[in-house]
Structure formats: C-alpha cells, structure tokens
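Colleague: Let me see the structure of the following:
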Amino acid sequence: MRPFTGRALPDKLAPPKGAASGRRMMADRIGDILRRHVDQGAAAGVVAMVTDRNGVVWQGAAGRRDVSDPAPMTVDSVCMLHSMTKAITSVGAMRLVEEGRLALDAPIAELLPVLGEMRVLDGFDGDTPRLRPARTVMTLRHLLTHTSGLGYDNWNADLVRAAAALGANLRPTGWDDMARIPLLFDPGTRWNYGLSTDMVGQAIQAVTGQDLQSYLRAAVWEKLGMADTAYTLTPAMAARRARMHQREGDAGLRPIDIPGATTLGFMGGGGGLAGTAADYATFLRMLLRGGELGGVRLLRPETVAEMGRNQIGEVVVETMRTTFPARSNDANFFPGMAQKWGLGFLINTETTPSGRSPGSLAWAGLGNSYYWIDTTRGVAGVLLAQLFPFADARMLDLLWEFERAVYAMVD
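Modeller: From the prediction side, this is the model:
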C-alpha cells in the first residue's frame, strides 16, 4: 500500500464536541479518498489542501513523488503548476491595472506591437491557410479572458495545420515566432484557450522593466509569504520536487523527464511555475478574503470581485479538443453547462455535482493539478498531481470525490 500523510488542522472556532467529532470523521474520509484513488492507480502521488478565509482546514498527501522511488509524497512536495500559473499572472497584471500602469481596454499593441499585426485564419484553400487582417483590436481584457484569438497547439487542429503550412513555431521563443502565428478569430468574438496569458506576462515585463519572476516575487509571493513558488527552483525546492509521469493505458505509470523539469527556467505568464500546495492555498485564501491576507492588501475588493464576474458576455467556454492525446484528453469540466470566464478564471454558472456554488472560480494545470475558489461558501481547494495526459478520467474522479467530501466537512 502506498504511503499516506494527512490530518485535519485544529478547528479555530472550537465548535460543540459533536460537531468537532463529525468534522474529524469527514477529514479522515478525505484522507481515505486520496489514498484509495492513488492505490487504484489515479497517480503516483497527490497532495491536497483545503482553506477557508481564516486558514488551512485540511491538508494531506498520498502515494510517492516518483513511482520508481519509495520516497513518499508529502504536503511540502514541489510540483510543476503548469497553467495554474495563469491565476498568479492575472493577479499580478490586475495590480498594475489598479496602479494605472496597465489598462484593460487599451490596444495591447501599444505595449506589444506584434499582437496588433497578427492576421486571422479565415479557412484554407486546399492546404494553404487563408489569412486576413483582424477586424477588432486586441486588448488586455481579451488576453485575460482567452478571447484574443490566440491558441495552443495541444487543443486546436486548425492552428496546428496552419502553423505547419506557415512555418510557425507554436511554442514561441521570441517575437519573430509570434508574428507567424495566426489568430483563430477576431479578438472578442469567441473563446479559445491559448497563449493569451503568456502575452499578459510579456505586457507585465514591458511596463515594469522587470523579468516576470522578479515582478511576481516582489508583487505577490513575498507579500503572501509564498517562499516555495518560483520559475527557477532553489536547491531546497529541487530536493522536494515530484516527478512527472505518463499514463500508458493499462500498463500503469511511467516516470518521465520533460524539458525544464529541474530548473523550470522558462518564465511564461501562462505556465512554468513550480510550487507547493501550501503556497497555492495561501494565494487562494487571499482571493477568498477579497485581495487581503495577514494585513497585506494585494488587490482592492472591487478588483477581486470584477475578476470573478463573467467578462465574455454571451460567448461560452468551449470544449478543448485534443490534438496531442499523450499530453491531454478532450477537456470540458461541466458538459452541458454554460461556462464563462472572468479575468483569469473559469466560472461555473450552476451548482456543480461536486458541490461548487454558482459563480465559483477555477482552473487547472496540464499535469492534472486543479483548484477552485467558492466565495459563496467561503472555501477553496487545491489538488496537485504530476501526470500526463491532462483531464485524466481517474484524476477527475478523484477531484470530484475530494470536492464532495470537502463540502460535507465544511457543512
């Protein structure tokens, strides 16, 4: 049986004895859920943490950091966060909006000229992409809401096809690469998951004159005490790093090494961070509290509220159709539900089967890491794993059962 560590933290409000006992039972149940799913092959190891507005109310880990090594996964294990980076970048950008250094609705090309020159993919003539100028002007709001027209190669077959014909690098390393990438639609007219938040990171660098890690460290991590979050791992973080794994059908999990897994040196606004569940829970708690934590205010309450509102109008979040099954499955967390996007977050518009309130905020990381923020119920959770492909069915089963148990505990 794989190792397990988990415990409920002391109740701060000292509820009646019966309530406290019931809460401990529910906390034990959460630990059992993690251990059972890991034993059944959901992942090599997982870390989970639950916070309310006052502090962590549950934390635990199950399994191993590396399926080929007996060392256990622990609550302080360091994991690649992938697209969970986006929420942190979005908060960093909104601090600059509050300061008047970024504007949500100004043309982003004023800071990043290439984004104003990109052309829209308007179909194909045979195998030749048909391109035209964009009819609308891209803004920071479009970038934060993934309505810019930018895409990712993992989830858009038309983009992959066009890029091959145009000689475009869909994992750009510079502005020359970006200039060759087509937009999938006119900014503001549809939703498509892609490089948008990476461009938010570039906008942050343009207005601050700092690299993204330096800015986020000073503006977010140090203010919240997030000592275990970085693009470049410290030796102490590297010693606790969990290894990435690849699911291979019924053959189980294979540990893999991916570029940058040791140093994570690529500083992209959309991905690249490594961190711990504790650090991320601290970040979520700040948002639960309306932008303040420990007497330090990162954002005004009205800014946090705006980030959590539907920013895309009648546009809906669409199913992400995989082009790379080894890295991702098709992904739609709530099929049949109209889902919206705020300034950095997915928004569910109905109560979810796992218990999230309407208007909760969430997203995920490519390695099957997930988080949610329920401001109505005053609870947030984070679940970290290191596993490809994304939206893995076994990991999603774990996520939903974990959430249901969390809501039972807080009730």
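Colleague: Doesn't residue 218 lie inside a helix?
Modeller: Yes - with DSSP: H, G, I helix; E, B strand; the rest coil as the criterion, residue 218 is located in a helix.
Colleague: Residue 141 versus the nearest residue to it once chain neighbours are set aside, what's the distance?
Modeller: The shortest distance from residue 218 to any residue other than its chain neighbours is 7.9 Å, reached at residue 210 (C-beta to C-beta, 6 or more residues apart in numbering). For the C-beta atoms, the positions are set from N, CA and C on the backbone; glycine is no exception. When C-beta to C-beta, to the nearest Å is the yardstick, residue 210 and residue 141 sit 23 Å from each other.
Colleague: Then residue 313?
Modeller: Relative to residue 141, residue 313 is positioned 11 Å away (C-beta to C-beta).
Colleague: pLDDT of stretch 136-152, averaged?
Modeller: Per-region confidence: stretch 136-152 scores 98 on mean pLDDT.
Colleague: An error on my part: the question was meant for stretch 160-175.
Modeller: Per-residue pLDDT over stretch 160-175 has a mean of 93.
Colleague: follow-up on the earlier one: of residue 210 and residue 141, which one has the most company?
Modeller: Here residue 210 and residue 141 are set side by side on neighbour count (other C-beta atoms under 10 Å), and the busier one is residue 141, at 20 against 14.
Colleague: residue contacts, that one?
Modeller: Residues near residue 141 by C-beta atoms under 8 Å, 6 or more residues apart in numbering: 104-105, 147, 311, 343.
Colleague: now with 7 Å?
Modeller: Contact partners of residue 141, counting by C-beta atoms under 7 Å, 6 or more residues apart in numbering, are 104-105, 311.
Colleague: now swap in residue 193 and tell me
Modeller: Contacts of residue 193 were listed using C-beta under 7 Å, 6+ apart, and they are 146, 152, 155, 320.
Colleague: thinking again about what came up before, helix/strand/coil for the residue nearest to residue 218?
Modeller: Under three-state DSSP, residue 210 falls in the coil class.
Colleague: Let's test this: what are the backbone torsions at it?
Modeller: Per-residue torsions, residue 210: phi -110, psi 150 (degrees, to the nearest 10).
Colleague: do the same with residue 271
Modeller: According to degrees, to the nearest 10, the main-chain angles of residue 271 amount to phi -180, psi 170.
Colleague: Verify the contact between it and residue 80 for me.
Modeller: No - contact status for residue 271 versus residue 80: not in contact, 8.5 Å apart, counting by C-beta atoms under 7 Å.
Colleague: Now the terminal residues of stretch 294-306, how far apart.
Modeller: Across its full length, stretch 294-306 reaches 22 Å between end residues, using C-alpha to C-alpha, to the nearest Å.
Colleague: Show residues contacting that stretch.
Modeller: The contact list for stretch 294-306 (C-beta under 7 Å, 6+ apart) reads 91, 94-95, 98, 220, 223, 286-287, 290-291, 343.
Colleague: quick one: average pLDDT of it?
Modeller: In this model, stretch 294-306 carries a mean pLDDT of 98.
Colleague: likewise stretch 383-391?
Modeller: With pLDDT averaged residue by residue, stretch 383-391 scores 98.
Colleague: Residue 407 versus the residue nearest the centre of the chain, what's the distance?
Modeller: For the chain, the residue lying nearest the average C-alpha position, counting by C-alpha atoms, centre = their mean, turns out to be residue 84 (2.2 Å). Note on residue 84: its distance to residue 407, by C-beta to C-beta, is 21 Å.
Colleague: One more: residue 300?
Modeller: For residue 300, the distance to residue 407 equals 29 Å [C-beta to C-beta].
Colleague: Of those two, give the one with the bigger neighbour count.
Modeller: Taking residue 300 and residue 407 together and counting by other C-beta under 10 Å, residue 407 has the greater number of neighbours (18 against 15).
Colleague: Check which helix or strand that one maps to.
Modeller: Using DSSP states H and E, residue 407 sits in helix 393-410.
Colleague: Would you mind listing the buried residues in that helix?
Modeller: Judged by neighbour count (16 or more other C-beta atoms under 10 Å), helix 393-410 contains these buried residues: 394-396, 398-407, 409-410.
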